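Asks: here's my sequence, what's the structure:
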Amino acid sequence: MLAIPYFDAIATARMPQEGNQLLALNPAQGWLGNIATKEIASVDNYQGNLTETTWLPNEETARKWQEYVTIGKIKPTRKPTAPNNVQATQINAQEVLITWDFTPDLENGLPSFRIYRDNSLIQTLEGQKHNFGDAPDATKIVLEFRDQQAKPGSNYTVAAFNQLGESISSSAIWTKHHDYSSYHRQLNNYHLDLINSINKKFN
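Replies: Numbers count the residues shown, from 1 in each chain. Next comes the predicted model:
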């Protein structure tokens, strides 16, 4: 998506070092992209027909524009940040709910995720897709996964990844849920026996 880096570059260029008054943009310091040929150049160095160009705020944005109009997407330059606050919560005897938090950045948006159990990949969740327009498809990603083949003591990690690699979270361990029902039954029976003994004593 080009709109976010474009407006980020505009905002950065207009941000004053002191005070609250926004700076005016200087078109002569920008870059131009030829809509037909997809060539880019600084305003000073451009030699083509100006009516066939689009204005871009800086070289970085111009190169992203060139990449976007050529292949339909902008390749990332860094891996996404690692997920955090990974938790594994028992649902029943063989099912665990894995949840995590993630903070998107301007470049990666909402990436794809891999869920690992004991260092083995068990699920991949696809990230935000682009439709070759200037807006991403609506995401259906939910930051959770239900492992229905869980084992007590399993170690879970979640990785965010893109073309450059993955960033892995810290781990969350599911410990076996103790069944206290037998203990509670024994305690209830003890209380009943105690009450019966007291009743017999005073009757």
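Asks: how about residue 123: what's its closest non-neighbour residue?
Replies: In space, not counting the residues next to it along the chain, residue 123 is nearest to residue 115; the distance is 4.4 Å by CB to CB, 6 or more residues apart in numbering. Heads up, the C-betas are built off the backbone N, CA and C, glycines and all.
Asks: for the one you found, give its distance to residue 27.
Replies: Counting by CB to CB, to the nearest Å, the gap between residue 115 and residue 27 amounts to 48 Å.
Asks: looking at the two, which is more packed in?
Replies: When neighbours are counted by other CB atoms under 10 Å, residue 115 and residue 27 differ, and residue 115 comes out ahead with 22 against 10.
Asks: next up, the contacts around the more buried one.
Replies: Residues touching residue 115, when contacts are defined by CB atoms under 8 Å, 6 or more residues apart in numbering, comprise 98, 121-125, 145, 147, 156-158.
Asks: what about the helices in this structure?
Replies: 3-14, 59-71, 181-202 (DSSP state H).
Asks: tell me the average confidence for the last one?
Replies: Average pLDDT, helix 181-202: 57.
Asks: cool, the shortest one as well?
Replies: Mean pLDDT, taken over the full extent of helix 3-14, equals 87.
Asks: same deal with stretch 115-125?
Replies: Mean per-residue pLDDT for stretch 115-125: 94.
Asks: that stretch: end-to-end distance?
Replies: Length of stretch 115-125, first residue to last, CA to CA, to the nearest Å: 8 Å.
Asks: how far does it sit from the chain's center?
Replies: Distance, stretch centre to chain centre, for stretch 115-125: 16 Å (CA atoms, centre = their mean, to the nearest Å).
Asks: please spell out which residues along it are buried.
Replies: Residues of stretch 115-125 classed as buried under the neighbour-count rule (16 or more other CB atoms under 10 Å) are 115-117, 122, 125.
Asks: I figured residue 106 was touching residue 3, is that so?
Replies: No - the pair residue 106 and residue 3 fails to qualify as a contact (CB atoms under 8 Å) at a distance of 10.6 Å.
Asks: pLDDT weak spots in this protein?
Replies: Under the criterion pLDDT under 70, the flagged ranges of the chain are 1, 128-141, 175-203.
Asks: against residue 109, how distant is the residue nearest to residue 123?
Replies: Residue 115 sits 19 Å away from residue 109, taking CB to CB as the criterion.
Asks: do residue 98 as well
Replies: Going from residue 98 to residue 109 by CB to CB gives 22 Å.
Asks: who's more crowded, these two?
Replies: Taking residue 98 and residue 109 together and counting by other CB under 10 Å, residue 98 has the greater number of neighbours (25 against 17).
Asks: isn't the more buried one right up against residue 148?
Replies: No - shown here, residue 98 and residue 148 do not form a contact pair, counting by CB under 8 Å, at 11.4 Å.
Asks: show me the strands in the protein, by range?
Replies: With DSSP state E applied, the chain shows strands at 31-34, 40-42, 53-56, 84-92, 95-101, 112-117, 120-125, 144-147, 155-162, 165-168, 172-173, listed in chain order.
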